[in-house]
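Participant: Please work out how this folds:
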Amino acid sequence: LIETSPDAILLADTNTNFIMVNQMAVRLYGYQNMGEMIGKTFLDHIPPEERPRLFEHFKNVEYF
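Facilitator: Numbering: from 1, shown residues only. Down below sits the predicted model:
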């Protein structure tokens, strides 16, 4: 299901490092293959000037 999904699906560990991505995520982020994304963090795709706003948003997220 993950590989055939028309949506980008990324799975990250608790340190925000990608541990699994599907082919649509590879295309969306402009990589050539999945291996190039594994080990990168989602912060690699957030401009530095936008990170404070992102962190502020995460403060308001409720976790189960």
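
Participant: tell me, what residue is most central in this structure?
Facilitator: In the chain, the C-alpha nearest the mean C-alpha coordinate belongs to F42, at 4.3 Å (Cα atoms, centre = their mean).

Participant: surely it meets A12?
Facilitator: Yes. Between F42 and A12 a contact is recorded at 6.2 Å, counting by Cβ atoms under 8 Å. Just so you know, the C-beta spots here come from the backbone N, C-alpha and C atoms, and that holds for glycine as well.

Participant: Show me whatever sits in contact with both of those two.
Facilitator: Among the neighbours of F42, those also in contact with A12 (Cβ atoms under 8 Å, 6 or more residues apart in numbering) are F18.

Participant: For the protein, just list every one of the helices.
Facilitator: For the chain, the helices defined by DSSP state H occupy 23-29, 51-59.

Participant: what about the protein, any weak spots by pLDDT?
Facilitator: The model of the chain has pLDDT under 70 over residues 63-64.

Participant: on that earlier part again, put together CSV for the helices of the chain, with distance to I2 and mean neighbour count on each row.
Facilitator: Shown next, in CSV, are the helices of the chain (distance: least, Cβ to Cβ, whole Å; neighbours: other Cβ atoms under 10 Å):
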stretch, distance to I2, mean neighbour count
helix 23-29, 9, 16
helix 51-59, 24, 9
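
Participant: Around M37, count how many other residues there are.
Facilitator: 20 (other Cβ atoms under 10 Å).

Participant: Quick check: it vs E49, distance?
Facilitator: M37 is 23 Å from E49, where distance means Cβ to Cβ, to the nearest Å.

Participant: One more: T4?
Facilitator: Going from T4 to E49 by Cβ to Cβ gives 36 Å.

Participant: what do you get for L10?
Facilitator: In this view, L10 and E49 are 22 Å apart by Cβ to Cβ.

Participant: More neighbours: the two, which one.
Facilitator: When neighbours are counted by other Cβ under 10 Å, L10 and E49 differ, and L10 comes out ahead with 18 against 7.
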